[in-house]
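**Student:** Got a predicted structure here, sequence first:
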Amino acid sequence: MGRFSIAIDGPAGAGKSSVARTLAQRLGYLHIDTGALYRALTLLVLRRGVNPAEEAAIAKLAREAQISLVAGSGGVKVFLDGKDVTDAIRDPVVSENVSLVAQHPRVRDHLLAIQRELAADGGVVMDGRDIGTVVLPDADLKVFLTASAKERARRRMKELRTQGHKVTYKDILLSIRARDNLDAERLVAPLRAAADAVFLDTTGKDIDTVVEEILGYLSAVGGRDECSTDV
Ligand code: DC
């Protein structure tokens, strides 16, 4: 069989990126964190002082900006106009504004083309909110990851504190719930599981356990052979 396309969707903090990264490593696939594209654009919007509500101005920025994902030995790096913004896009101020930027149809259209191009050759694990429903509707395997909002807030808090951000659990929980609502209720490509997605609740499970479960689903669709020597 050829190289598979795997779509991983779910709300903020469900473990998508960590799971997708580990899964891609196990399979020798490319990991594409599509949230990073929305975050890089949001960083640019904030740096330029553009109002996140202004669709036309943001669409123009999106057309002019060079946003790229570059795979290296230390994982995938995110570049904005030639500069490494891998860390900068995780700043809480970006997290607070990214759903506003991501709700604009013209912005999504532009990033959709970039995402499809990145996945064109297969052999990808792509994570986001609308991968199974919009970006890769023909993906070989679609997984929808969930976890309780409280668990997701705990994970995000740990991650941000490790990066040196001073954050409280309460603020993160509120921000996660606000982002869930915006992502699920936007008119274009809202967060929802594809009809043919496998649901996987990651509450109380570590990354390796979740990855093993997904590899099991991959075997079921005939895509496990090529990774058997990696494990
Ligand atoms: O996965 P993340 O938290 O880095 O994503 C940041 C935001 O980007 C998220 O709040 C919604 C948006 N997003 C999206 O709308 N569609 C995607 N495919 C990926 C992310």
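**Tutor:** Arrived safely. Numbers count the residues shown, from 1 in each chain.
**Student:** which SS class is the closest residue to residue 178 other than its chain neighbours?
**Tutor:** Nearest non-adjacent residue to residue 178, counting by Cβ to Cβ, 6 or more residues apart in numbering: residue 99, 7.8 Å away. C-beta here means a position set from N, CA and C on the backbone, and glycine is covered the same way. Local secondary structure at residue 99 is given as helix here, using DSSP: H, G, I helix; E, B strand; the rest coil.
**Student:** from memory residue 99 sits against residue 179, does it?
**Tutor:** Yes. Using Cβ atoms under 8 Å, residue 99 makes contact with residue 179 at a distance of 5.1 Å.
**Student:** Partner strands of the strand or helix carrying residue 145, with direction?
**Tutor:** Counting by DSSP states H and E, the element that carries residue 145 is strand 141-146. Here strand 141-146 has these sheet partners by DSSP bridges: strand 5-9 (parallel), strand 198-201 (parallel).
**Student:** Any chance of CSV for those strands, columns mean pLDDT?
**Tutor:** What follows is the strands paired with strand 141-146, written out as CSV (pLDDT from 0 to 100):
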stretch, mean pLDDT
strand 5-9, 97
strand 198-201, 95
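**Student:** Relative to the ligand, which of these is closest?
**Tutor:** The ligand lies closest to strand 5-9 among the strands paired with strand 141-146, at 7.5 Å (Cβ to the nearest ligand atom).
**Student:** now that closest one, how far from the chain's geometric center?
**Tutor:** 10 Å (Cα atoms, centre = their mean, to the nearest Å).
**Student:** For it, which outside residues touch it?
**Tutor:** 16, 19-20, 23, 29, 119, 122-133, 135-136, 138-145, 191, 193-194, 197, 214, 218 (Cβ atoms under 8 Å, 6 or more residues apart in numbering).
**Student:** Just the buried ones among the residues you listed, please.
**Tutor:** Buried subset of the contacts of strand 5-9 (neighbour count, 16 or more other Cβ atoms under 10 Å): 16, 19-20, 23, 29, 119, 123-133, 135-136, 139-145, 191, 193-194, 197, 214, 218.
**Student:** restrict those to those near the ligand?
**Tutor:** 128-131 (Cβ under 6 Å from any ligand atom).
**Student:** What about residue 160? Give its phi and psi, please.
**Tutor:** phi -70, psi -40 (degrees, to the nearest 10).
**Student:** Residue 173 versus the residue lying closest to it once chain neighbours are set aside, what's the distance?
**Tutor:** Excluding the flanking residues, the one nearest residue 160 by Cβ to Cβ, 6+ apart is residue 167, at 4.9 Å. Distance, residue 167 to residue 173, using Cβ to Cβ, to the nearest Å: 11 Å.
**Student:** need the longest helix for the protein.
**Tutor:** helix 169-185 (DSSP state H).
**Student:** rewinding a little: out of the contacts of strand 5-9, which sit inside strands?
**Tutor:** In this view, those that belong to strands under DSSP state E are 124-128, 141-145.
**Student:** Can you show me the helices along this structure?
**Tutor:** Using DSSP H, the helices of the chain run over 16-27, 34-47, 55-64, 92-102, 105-118, 149-162, 169-185, 207-220.
**Student:** Report the spatially nearest residue to residue 139, omitting neighbours in sequence.
**Tutor:** Using Cβ to Cβ, 6+ apart, the closest residue to residue 139 is residue 7 (4.0 Å).
**Student:** count of neighbours near that neighbour?
**Tutor:** Neighbour count of residue 7, defined by other Cβ atoms under 10 Å: 29.
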